[in-house]
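In: Dropping the sequence and predicted coords here.
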Amino acid sequence: MLKPYFNKDCIEAGLDEAGRGCLAGPVVAAAVIMPKDYDNLELNDSKQIGKKDRERMAEIIKKDALAYAVGICSQTEIDEINILQASILAMHKATKLLSIKPEHLLVDGNRFVPYLSIPHTCIIKGDGKYQSIAAASILAKTYRDKLMDSYAQEFPQYGWETNAGYPTIKHRAAIKEHGVTYLHRMTFRLLKPEIEKI
């Protein structure tokens, strides 16, 4: 069962991102402030929930959250500042857009750059431990998946509607056959050595 908060004495926002390991598309982060007494047994790490349940849970989170926001860093920003810094920047953008100012940030993972003067705590695999981070993981994932679905209509050959830009065999084979798009991250290794030789 996920914990409702890390620090009960302040307004706490959970932060998580989606799309760090992708070859194409932006990295998307979400910031979510949940009620202290919130209790939903279905809430879990987005990777542990099927697509339809994720989408349903995303709507529940939007309705139940005290505040939520999404931040995006494009593939261009990723190439300019690297994926780690872009992931953190996307979290900063999401935090800035919250309608309620948080007093503490609960961040999934082990790396973060302080945002303004707000204290933060990094939690490794936090999306499987705290409700607010799990909620953020679901909002980030569902938002990004919808973006990649729309991009897939422009570039159907890469299978983004199913792989969301991740480095699947089909995605890399399509890069080999069709080349790259403006949505690909050019600083990433887009092809594996064995595919490059084909």
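Out: Everything's here; your move. Numbers count the residues shown, from 1 in each chain.
In: And the strands in the protein, which stretches?
Out: 12-18, 27-33, 67-73, 104-108, 120-123 (DSSP state E).
In: got TSV for those, with mean neighbour count and distance to Asn163 too?
Out: The way it works is simple: take the backbone N, C-alpha and C, and place the C-beta from them, glycine included. Listed next are the strands of the chain as TSV, based on neighbours: other Cβ atoms under 10 Å; distance: least, Cβ to Cβ, whole Å:
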stretch	mean neighbour count	distance to Asn163
strand 12-18	29	13
strand 27-33	30	16
strand 67-73	22	19
strand 104-108	24	22
strand 120-123	17	28
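In: Make CSV out of the ones you listed and add distance to Ile138.
Out: Output for these, formatted as CSV (distance: least, Cβ to Cβ, whole Å):
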stretch, distance to Ile138
strand 12-18, 9
strand 27-33, 8
strand 67-73, 10
strand 104-108, 12
strand 120-123, 16
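In: which stretch among these comes nearest Met57?
Out: strand 27-33 (11.8 Å; Cβ to Cβ).
In: any idea of the mean pLDDT in that closest one?
Out: Averaging pLDDT along strand 27-33 gives 98.
In: cool, stretch 13-20 as well?
Out: So the average pLDDT for stretch 13-20 ends up being 98.
In: tell me which residues of the longest helix seen in the chain are tucked away?
Out: Counting by DSSP state H, the longest helix found in the chain is helix 131-154. By 16 or more other Cβ atoms under 10 Å, the buried positions in helix 131-154 come out as 131-145, 147-148, 151-152.
In: What count of nearby residues applies to the closest residue to Ala13 other than its chain neighbours?
Out: Spatially, and ignoring its direct neighbours in sequence, Ala13 is nearest to Pro102 (3.8 Å; Cβ to Cβ, 6 or more residues apart in numbering). Counted by other Cβ atoms under 10 Å, the residues lying close to Pro102 total 24.
In: Touching, Pro102 and Ile118? I think so.
Out: Yes: with contact defined as Cβ atoms under 8 Å, Pro102 counts as touching Ile118 (6.1 Å).
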